[in-house]
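> Below are the sequence and a predicted model; questions follow.
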Amino acid sequence: MRQLLIIFLIGISISSFAQETIESLFKKGEQAFKNGNYELSVDYFTKCISKNRNLMEAYWYRGLAFLNQNSTQEALKDINKALDLSESSDKNSQQSLYSIRAQIFYSTRNYKDAINDYSKALSINSKNFGNYWSRALSYYYIEEYHKALKDFEECEKIIDVNDKDNLAELYSLIAGIYQKFENKEKAIDYYTKSISIKEENNKSFMYRAYLNYEIEEFSKAINDYTKALNTYRTDNKTKDYLYNRRAQSYLRIGEYEKAINDIDQATSISPNYYQYITRGDANRLAGRYKLAIVDFSKSIELEPNNSFAYYRRGWCKEFDRDFDNALNDYNSAIEIEPDISTYYLNRAILTEKIYGFEKAKPDYEKVIQLESKSENPENSYHYALFHLGKPQEALNVALKNIKEHPTGGNYYDLACLYSLMNKKNEAIQSLENAILNGYSNFIHMANDDDLDNIKYTRNFDTFLTTHNIKVTLPKPTSDINIQIPETNLNFNHRFALIIGNEDYSSFQVGLSKEINVDFARNDALAIREYFIKVFGIPERNITFLTNATAAQTMQGLERLSKLASVTGGKAEIFFYYAGHGIADQETRESFIIPVDVNATNLNFAIKLQDVYNKLTEHPSQRVTVFLDACFSGGARNKELLGMRAVRVRPKANAMKGNLVVFASSSDTENSQPLDSQNHGLFTYFLLKKIKETKGNVSYEELYNYVKENVALESILNKNLTQTPSIITSPEVEKVWSNWSITK
């Protein structure tokens with residue numbers, strides 16, 4: 001702006017001064033001003049004014065000298081006085097004085113008064129480039145963007161086309177206004193004009209890069225961020241920002257190593273919590289979940305109130321199958337920022353996976369509550385609708401989102417929704433559209449559970465081959481976990497208790513992880529899905545426990561007994577247990593072992609006989625027990641304290657009521673895992689037959705299938721013998737074989 005101050009001095013005349021001493025003082029003040037000695041200049045003009053208090057030119061000069069010393073109040077007083085003394089007919093002087101006073105207002109952020117004076121100056125001279133420019137900036141700062149744009153357009157009409165610096169800056173400013181209007185296309189056009197006029201040291205590269213990222217032109221964004229880095233070679237703060245932004249762009253095109261390199265560069269400049277989030281995301285998208293967890297943990301260490309890092313760390317722990325700690329992180333994220341719908345969605349999905357829909361339902365409803373207020377709902381909205389049993393409404397929302405924002409990410413989310421709805425062709429087509437619109441996070445795609453219904457199909461293989469996508473699909477959790485049939489049955493008097501005891505080492509000091517029961521939690525989760533979808537057991541009628549303590553186990557059994565007692569003999573009871581079992585060496589009584597009970601002291605273990613007694617305490621239509629446990633002292637991977645083998649079969653007189661027990665093994669045999677399917681061997685074939693028949697199978701057919709396949713696979717799998725057995729009470733000895741799951 002200093003060049004404008006010099007311009008404002010043009011035309012000041014001293015020819016009218018009558019006194020030689022004033023003229024001498026004036027010339028000395030003028031020379032001091034030109035030399036940049038504003039303090040001395042003020043002194044000379046003050047002496048002039050003391051000799052002639054109506055000398056407009058002296059006030060003018062002294063006002064400018066004050067302004068150059070940032071003495072704005074003194075400058076304003078002098079310019080006001082100069083305006084009072086100016087002749088109304090002297091338009092040139094008035095125009096200059098209004099411009100100077102506008103500049104004073106502008107420098108003190110009094111933009112409205114600045115606009116008023118720039119307007120007065122422009123009413124005298126409508127071709128003054130500097131006044132249009134400064135008024136435009138004043139309008140910009142008070143967010144009157146349309147008026148700012150109009151003034152910049154006037155600048156464009158009158159600017160000297162050879163003034164490359166100002167012309168490039170002008171186009172950059174116009175681009176910034178279009179960016180405020182969210183007209184990304186026009187903004188990019190003007191940034192491009194700015195760059196075409198002056199490429200060197202042009203900050204338009206940085207701004208255009210941001211917009212290219214926003215419209216998912218990630219390769220263009222990377223090129224612009226690279227050019228911007230050349231511009232800001234010595235500006236560490238901006239370099240830090242640019243490395244972070246380029247890393248984000250690399251992430252979006254799957255260049256994870258380059259993203260990590262950029263973050264390492266940024267960290268070397270100024271390490272901060274956000275850099276660790278970005279590097280964590282790079283490791284997350286590359287499928288390196290444990291490394292990502294380390295980065296997100298470092299981010300949390302640097303910024304404990306960083307909700308997003310908790311959310312991302314929870315996401316990685318979930319993919320790493322550490323469900324309990326994943327839930328803890330989602331809880332922390334929500335506690336810090338309770339209005340982020342995505343946090344609730346992830347917690348809901350994981351909660352449903354572990355504990356069932358009823359416990360997850362409040363979180364799904366919270367997503368709806370938060371997103372229904374938004375003009376542009378997040379994709380979490382349609383996922384929540386789907387999980388709340390409104391698939392068509394969810395699809396309508398997703399399709400509307402695609403229509404308004406046809407990005408690769410949105411098409412990918414649509415593909416996930418179609419997959420969850422088991423609409424395979426539509427899901428594949430949406431993935432095609434995602435690729436066409438720039439989606440490239442293929443490692444994430446390979447690991448995404450939402451695509452399980454399609455990722456192991458021939459069409460998905462063809463899709464990968466067509467696009468030359470080279471990823472390794474994770475081994476499916478199991479074929480029994482996908483495309484579970486739904487019978488749409490609803491038996492209000494069916495009740496169930498499901499227990500999956502896997503993690504014993506976390507509850508007892510001195511136990512190694514080898515003593516844990518591999519896949520017991522997976523077994524319990526799968527059983528629950530089949531109980532709901534095939535058996536027709538209402539979810540609220542199911543008690544679901546993983547890593548159950550003795551107290552929790554007894555409470556669950558007591559609840560089943562109470563439910564049977566109030567249903568007048570109409571109840572159908574189902575009990576599933578996967579975990580450790582053991583037999584007392586002396587009495588040979590069988591016990592199920594809660595996770596907090598040490599096998600060396602069976603006083604706190606739960607007798608299998610007591611389980612049967614509790615299940616049949618009250619009359620019921622039938623009681624069905626599935627036991628994926630052995631009672632010989634063995635386990636799926638390591639024997640429980642080396643207890644000697646004893647016979648598993650309960651005494652005949654222990655069975656009463658309408659009770660049928662499907663036991664995973666006989667006598668001294670161990671119950672094995674099926675590592676290839678991440679399930680217990682018995683549970684896998686039990687559910688496989690139910691899936692194949694959609695539940696239309698008699699108990700006898702089910703038992704025969706399980707017995708034959710488990711016996712065969714146990715030898716082929718680990719060269720061990722495992723023979724499932726069926727145990728019935730005398731009351732149902734002749735009728736149990738015709739019982740059916742769906743009847």
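Right, received. Where do you want to start?

> Show me how this protein divides into domains.
What automatic domain parsing lists as the domains of the chain is 357-479, 486-737.

> need those domains in JSON lines with mean neighbour count, distance to S96 and mean pLDDT, can you?
All C-beta spots, glycine's among them, are computed from the backbone N, C-alpha and C. Shown next, in JSON lines, are the domains of the chain (neighbours: other C-beta atoms under 10 Å; distance: least, C-beta to C-beta, whole Å; pLDDT from 0 to 100):
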{"stretch": "domain 357-479", "mean neighbour count": "18", "distance to S96": "48", "mean pLDDT": "89"}
{"stretch": "domain 486-737", "mean neighbour count": "20", "distance to S96": "80", "mean pLDDT": "87"}
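
> Mind putting those domains into TSV with distance to K258?
Formatted as TSV, these follow (distance: least, C-beta to C-beta, whole Å):
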stretch	distance to K258
domain 357-479	13
domain 486-737	34
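
> closest one to G287 among the ones you listed?
Between G287 and those, the tightest spacing by C-beta to C-beta is seen for domain 357-479, at 4.8 Å.

> what's the span of that closest one from first residue to last?
Start-to-end span of domain 357-479 (C-alpha to C-alpha, to the nearest Å) is 22 Å.

> Check stretch 576-589 too.
End to end - C-alpha to C-alpha - stretch 576-589 spans 19 Å.

> next one: stretch 455-469
Span of stretch 455-469 from end to end, C-alpha to C-alpha: 13 Å.

> And stretch 489-509, by the same measure?
Start-to-end span of stretch 489-509 (C-alpha to C-alpha) is 45 Å.

> got it, and stretch 575-595?
So stretch 575-595: terminal residues 18 Å apart, C-alpha to C-alpha.

> Off-centre distance for the helix or strand harbouring I349?
In this assignment (DSSP states H and E), I349 forms part of helix 341-355. Centroid separation for helix 341-355 versus its chain: 12 Å, with C-alpha atoms, centre = their mean, to the nearest Å.

> Give the other helices and strands that whichever helix or strand comes after it contacts.
Counting by DSSP H and E, the next helix or strand C-terminal to helix 341-355 is helix 357-371. Judged by 3 or more C-beta pairs under 8 Å, 6 or more residues apart in numbering; DSSP states H and E, helix 357-371 is in contact with helix 341-355, helix 380-387.

> Relative to A520, which of those helices is closest?
helix 341-355 (13.2 Å).

> Which strands and helices lie in contact with that closest one?
Packing contacts for helix 341-355, counted by 3+ C-beta pairs under 8 Å, 6+ apart, involve helix 307-319, helix 323-336, helix 357-371, helix 380-387.

> buried residues in that helix?
If you call a residue buried by 16 or more other C-beta atoms under 10 Å, then helix 341-355 has these buried ones: 341-352, 354-355.

> next one: stretch 176-191
Here stretch 176-191 shows 176-179, 187-191 as buried, counting by 16+ other C-beta under 10 Å.

> got CSV for the residues you listed, with pLDDT too?
Below are the buried residues of stretch 176-191 laid out as CSV (pLDDT from 0 to 100):
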residue, pLDDT
G176, 96
I177, 96
Y178, 96
Q179, 95
A187, 96
I188, 97
D189, 97
Y190, 97
Y191, 96
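
> Make JSON lines out of those residues and add secondary structure.
Output for the buried residues of stretch 176-191, formatted as JSON lines (DSSP: H, G, I helix; E, B strand; the rest coil):
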{"residue": "G176", "secondary structure": "helix"}
{"residue": "I177", "secondary structure": "helix"}
{"residue": "Y178", "secondary structure": "helix"}
{"residue": "Q179", "secondary structure": "helix"}
{"residue": "A187", "secondary structure": "helix"}
{"residue": "I188", "secondary structure": "helix"}
{"residue": "D189", "secondary structure": "helix"}
{"residue": "Y190", "secondary structure": "helix"}
{"residue": "Y191", "secondary structure": "helix"}
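
> Give me the distance between the two termini of stretch 560-580.
Note: stretch 560-580 ends 22 Å apart using C-alpha to C-alpha.

> Which helix or which strand is home to the nearest residue to E669 once chain neighbours are set aside?
Leaving aside its sequence neighbours, E669 sits nearest to Q722 (C-beta to C-beta, 6 or more residues apart in numbering; 5.1 Å). Assigned by DSSP H and E, Q722 belongs to no helix or strand.

> Same question for the one 4 residues further on.
Under the criterion DSSP H and E, the helix or strand holding I726 is strand 725-728.

> F631 now?
Per DSSP H and E: F631 is located in neither a helix nor a strand.

> picking that back up, can you list the helices and strands packed on helix 357-371 in TSV and add distance to Y364?
Formatted as TSV, those follow (distance: least, C-beta to C-beta, whole Å):
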stretch	distance to Y364
helix 341-355	5
helix 380-387	5
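
> closest to I726 out of those helices?
If you check each of these against I726 by C-beta to C-beta, helix 341-355 wins as the nearest, at 30.7 Å.

> What's the mean pLDDT across that closest one?
Helix 341-355 shows a mean pLDDT of 90.

> got it, and stretch 32-42?
Taken as a whole, stretch 32-42 carries a mean pLDDT of 95.

> Show me which parts of it are buried, residue by residue.
With burial defined by 16+ other C-beta under 10 Å, the residues of stretch 32-42 counted as buried are 32-33, 38, 40-42.

> Endpoints of that stretch, how far apart?
The first and final residues of stretch 32-42 sit 9 Å from each other (C-alpha to C-alpha).

> mind checking how far it is from the chain centre?
Mean-position distance between stretch 32-42 and its chain equals 60 Å (C-alpha atoms, centre = their mean).

> would you put the C-alpha positions of stretch 535-547 in CSV?
Output of stretch 535-547 as CSV, limited to C-alpha atoms (Å, rounded to 0.1, in the frame of the first residue of the first chain):
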residue,chain,number,x,y,z
PHE,A,535,-34.6,-70.7,14.4
GLY,A,536,-36.9,-67.7,14.7
ILE,A,537,-35.9,-66.8,18.2
PRO,A,538,-36.7,-63.1,18.9
GLU,A,539,-33.4,-61.3,19.7
ARG,A,540,-34.7,-60.0,23.0
ASN,A,541,-35.4,-63.6,24.0
ILE,A,542,-31.7,-64.4,23.7
THR,A,543,-29.1,-64.0,26.5
PHE,A,544,-25.7,-63.7,24.9
LEU,A,545,-22.5,-64.0,26.9
THR,A,546,-18.9,-64.1,25.9
ASN,A,547,-16.2,-64.8,28.4
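
> Out of the helices and strands packed on helix 357-371, the one nearest P594 is which?
Comparison of the helices and strands packed on helix 357-371 against P594 by C-beta to C-beta identifies helix 341-355 as nearest, at 18.2 Å.

> hang on, the earlier thing: quick one: which of the buried residues of stretch 32-42 sit in helices?
Among those, the members found in helices (DSSP state H) are 32-33, 38, 40-42.

> circling back: for the strand holding I726, output the C-alpha coordinates as PDB.
Coordinates of the C-alpha atoms in strand 725-728 are reproduced here as PDB (Å, rounded to 0.1, in the frame of the first residue of the first chain):
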ATOM      1  CA  SER A 725     -23.000 -87.900  20.600                       C
ATOM      2  CA  ILE A 726     -26.700 -87.400  21.300                       C
ATOM      3  CA  ILE A 727     -28.100 -87.700  24.800                       C
ATOM      4  CA  THR A 728     -31.800 -87.700  25.500                       C
END
